[in-house]
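Visitor: Sharing a sequence plus its predicted fold:
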Amino acid sequence: MSIYVGNLSYEVTENDLSEVFSEYGTVKRIQLPTDRETGRMRGFGFVEMGTDAEESAAIEALDGAEWMGRDLKVNKAKPREERGPSAGGGWKSRGGGSSRRY
């Protein structure tokens with residue numbers, strides 16, 4: 001299981017997160033998603049710890065804590081939903097110039 005870390009500064013690095021979370025145990029992996037178009041960090045990330053107990057300790061200690069001028073949102077990450085080819089509910093046009101969402 002991973003930990004979701006939200007409301008991150010756009011300046012944060014993997015090393016910054018690793019340093020903070022390593023106080024609560026072994027950090028196995030960190031992911032900081034970036035925007036595809038701009039390459040800029042998206043303001044959230046995921047941290048995977050060594051054990052469930054370490055994850056729980058980090059969540060308890062860091063949720064709501066102020067770091068880099070922001071109040072962190074830290075909780076268990078929800079499993080990623082699988083996206084099918086029609087994900088996003090695209091717009092389809094019908095005759096007459098009206099657009100409806102299907």
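Guide: Great, that's in hand. Numbers count the residues shown, from 1 in each chain.

Visitor: From now on I want contacts and neighbour counts done on CA atoms only, so please keep to that.
Guide: Fine.

Visitor: now the helices for this protein?
Guide: Using DSSP state H, the helices found in the chain span residues 14-21, 52-62.

Visitor: pLDDT at residue 101, what is it?
Guide: Note on residue 101: pLDDT of 55.

Visitor: still on that earlier bit, just say which of the helices of the chain is most tucked in.
Guide: Comparing the helices of the chain by mean neighbour count (mean count of other C-alpha atoms under 10 Å), helix 52-62 ranks first with a mean of 17.

Visitor: by contact count, what packs against that one?
Guide: In terms of contacts (3 or more C-alpha pairs under 8 Å, 6 or more residues apart in numbering; DSSP states H and E), helix 52-62 is packed against strand 73-76.

Visitor: Direction included, what does the strand it packs on pair up with?
Guide: Strand pairing for strand 73-76, determined by DSSP bridges: strand 3-6 (antiparallel).

Visitor: Average pLDDT for the partner strand, rounded please.
Guide: The model assigns strand 3-6 a mean pLDDT of 98.

Visitor: Looking at the helices of the chain, which is nearest to residue 27?
Guide: helix 14-21 (6.4 Å; C-alpha to C-alpha).

Visitor: closest to residue 68 out of the helices of the chain?
Guide: Once the helices of the chain are compared by C-alpha to C-alpha, helix 14-21 is nearest, at 10.0 Å.

Visitor: tilt between that closest one and helix 52-62?
Guide: 90 degrees (axes from the mean of the first three to the mean of the last three C-alpha atoms, to 10 degrees).

Visitor: would you turn the helices of the chain into TSV with distance to residue 27?
Guide: Converted to TSV, those look like this (distance: least, C-alpha to C-alpha, whole Å):
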stretch	distance to residue 27
helix 14-21	6
helix 52-62	9
